[in-house]
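> Build me a model from this:
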Amino acid sequence: MEDTTALKAKIEELEKKITVMRSLLWEWNCSSGPVWEYWRLQEVGETAADYSHLLDDEEIEDESA
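Numbering: from 1, shown residues only. From the prediction side, this is the model:
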């Protein structure tokens, strides 16, 4: 039962992120900086590490400092 509760919580978290990311497409100006620095994504816990597949290791370290 505990596993299903944790899974449901994770699904809800991911659904919230998806909603924010979809609405972001209408608002975010790509020239304004890295997308994970956008305040709405920070509200749902996005960090540079979530975009590590797009960045060099040095860029991730710079963002986490």
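> who touches stretch 9-18?
44, 45, 46 (CB atoms under 8 Å, 6 or more residues apart in numbering). Using the backbone N, CA and C atoms, a C-beta is placed for each residue, glycine as well.
> what are the ranges of the helices in this protein?
Assigned by DSSP state H, the helices in the chain fall at 2-27, 39-43, 57-64.
> Need those in CSV (columns: mean pLDDT, distance to residue 33 and mean neighbour count).
As requested, the helices of the chain are exported to CSV (pLDDT from 0 to 100; distance: least, CB to CB, whole Å; neighbours: other CB atoms under 10 Å):
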stretch, mean pLDDT, distance to residue 33, mean neighbour count
helix 2-27, 85, 13, 10
helix 39-43, 86, 11, 12
helix 57-64, 56, 11, 12
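> Could I get those helices in TSV, plus columns for distance to residue 50?
Listed next are these as TSV, based on distance: least, CB to CB, whole Å:
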stretch	distance to residue 50
helix 2-27	9
helix 39-43	9
helix 57-64	10
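> what are the phi and psi values for the residue nearest the centre of the chain?
Centroid-nearest residue in the chain, with CA atoms, centre = their mean: residue 46, separated by 2.8 Å. Here is the backbone geometry of residue 46 (degrees, to the nearest 10): phi -70, psi 140.
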